[in-house]
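Peer 1: here are the coordinates; sequence isn't available:
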C-alpha cells in the first residue's frame, strides 16, 4: 500500500464510519437508543474503529516515512562520497599518475648509471599508493542503495567484500567459501582482502584468463584460501622480477600476519594460496 493510499484511508475511514453510524442510528435505532446515548456512542465508535483499523495504517505510514528518511540519508551520503571520489581523482590520483611518469623517465636515466635501487623503491611506493587510491575511489563510488539489505548484513564480512570485488571484474569468478567470519580479526580481514583484491586484479590485467576460482576452507585456527585462474601463467619466478610489486607486497602482508603464501602453476592453472599455520586442508 502506497503512502498516498494510506493517507486517504486515514482521512476517509473515520468520516465514513460516522456517516454510516448516523444513518443506521436514525433509520433503525431511534426507537431503541435515545438521542443523548447516540451522541455519546458516536465518539466511542470512532475511537474503536481508529484503534482496530487505523493503528495498523499509522504503523505502515511511520515505516514508510522511516524508509524515506533512510533513502534521503543514503542519497546524501552517496553524493558526499561522489564528491570525495571526484576530489581524490582530480587531486591525488592525477598527481600520482604524473609522478609515475616522472619516475619512469628517471628510471630510464638511472639505467645508464646503474643506480636503480632508489628508483625501484620510489616506483614501488608510487605503484602501491596509486593502486589503493584508485580502489578507494571505486569504493566511494559504490552505490550504497544497491542491494541495501544485503549490504546491511553482508558487506561488513570478508565473504561479502570478496563477492563485491569478484562481481566488479569482467572475468567470471566462482566462489566456494566455508570459513566463518570470526576466524579473522579486523586487521586480518583488511590485509587478506587487499591480497585477494590484488590477486583478482592480476587475473584481470595480466593473466588473460577467462575463468577464476576462489576457495576458502577451514576454521578459526587453521584455514586455506586458494585463488586459481586459467590464464597464461608465468615463465620465471615472478618474485625475482623487479617490476612485480603487487606480488611482493602480498607476500610481505602475509609474512607480517604470520600467514603463508604460495604462488605456483598446477595442472595448467595459476594458483595463489594463503594458509594459516602452514597446514593444507
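Peer 2: Thanks, I have the structure now. Everything numeric here is computed off the predicted structure, so don't read it as measured data. Residues are numbered from 1 along each chain as shown.

Peer 1: Do a quick rundown of the strands in this protein.
Peer 2: 172-177, 211-218, 223-229, 259-266, 269-276 (DSSP state E).

Peer 1: looking at these, which is buried most?
Peer 2: Each of the strands of the chain was scored by mean neighbour count; the highest is strand 223-229, a mean of 22, by mean count of other Cβ atoms under 10 Å. For the C-beta atoms, the positions are set from N, CA and C on the backbone; glycine is no exception.

Peer 1: Quick one: mean pLDDT for that strand?
Peer 2: Mean per-residue pLDDT for strand 223-229: 94.

Peer 1: In terms of secondary structure, what does it contact?
Peer 2: When contacts are defined as 3 or more Cβ pairs under 8 Å, 6 or more residues apart in numbering; DSSP states H and E, strand 223-229 sits against helix 186-205, strand 211-218, strand 269-276.

Peer 1: export these to CSV and tack on mean pLDDT and distance to residue 160?
Peer 2: Compiled in CSV, the helices and strands packed on strand 223-229 are given as follows (pLDDT from 0 to 100; distance: least, Cβ to Cβ, whole Å):
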stretch, mean pLDDT, distance to residue 160
helix 186-205, 84, 10
strand 211-218, 93, 13
strand 269-276, 92, 18
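
Peer 1: so who does the closest residue in space to residue 213 that isn't next to it in sequence touch?
Peer 2: Excluding its sequence neighbours, the residue lying closest to residue 213 (Cβ to Cβ, 6 or more residues apart in numbering) is residue 228, at 4.5 Å. Going by Cβ atoms under 8 Å, 6 or more residues apart in numbering, residue 228 touches 212, 213, 215, 266, 269, 270, 271, 272.

Peer 1: ok, now with 10 Å
Peer 2: 174, 199, 203, 209, 211-215, 266-267, 269-273 (Cβ atoms under 10 Å, 6 or more residues apart in numbering).

Peer 1: Tell me the spacing between residue 13 and residue 23.
Peer 2: For residue 13, the distance to residue 23 (Cβ to Cβ, to the nearest Å) stands at 16 Å.

Peer 1: repeat for residue 69
Peer 2: Distance from residue 69 to residue 23, by Cβ to Cβ: 41 Å.

Peer 1: And for residue 256?
Peer 2: 81 Å.

Peer 1: Same check on residue 185?
Peer 2: Residue 185 is 71 Å from residue 23, by Cβ to Cβ.

Peer 1: What of residue 169?
Peer 2: Distance from residue 169 to residue 23, by Cβ to Cβ: 69 Å.

Peer 1: which one of these two has more residues nearby?
Peer 2: Using other Cβ atoms under 10 Å as the criterion, residue 169 and residue 23 rank with residue 169 on top: 15 against 10.

Peer 1: Quick check, pLDDT for that one.
Peer 2: 83.

Peer 1: got it, and the one 5 residues further on?
Peer 2: For residue 174, the pLDDT comes out at 94.

Peer 1: I'd guessed residue 182 sits against residue 220; true?
Peer 2: Yes - the criterion here is Cβ atoms under 10 Å, and residue 182 meets it with residue 220 at 6.7 Å.

Peer 1: Tell me where the model's unsure across the protein.
Peer 2: 1-3, 77, 80-98, 107, 110-121, 123-125, 127-156, 235-246, 278-281 (pLDDT under 70).

Peer 1: redo that, cut-off 80
Peer 2: 1-7, 9-11, 50, 52-58, 61, 73-156, 205-207, 233-249, 277-281 (pLDDT under 80).

Peer 1: which helices and strands sit right next to the helix ranked longest in the chain?
Peer 2: Determined from DSSP state H, the single longest helix within the chain is helix 55-88. For helix 55-88, the contact count by 3 or more Cβ pairs under 10 Å, 6 or more residues apart in numbering; DSSP states H and E identifies helix 3-24, helix 117-140, helix 148-154 as packing neighbours.
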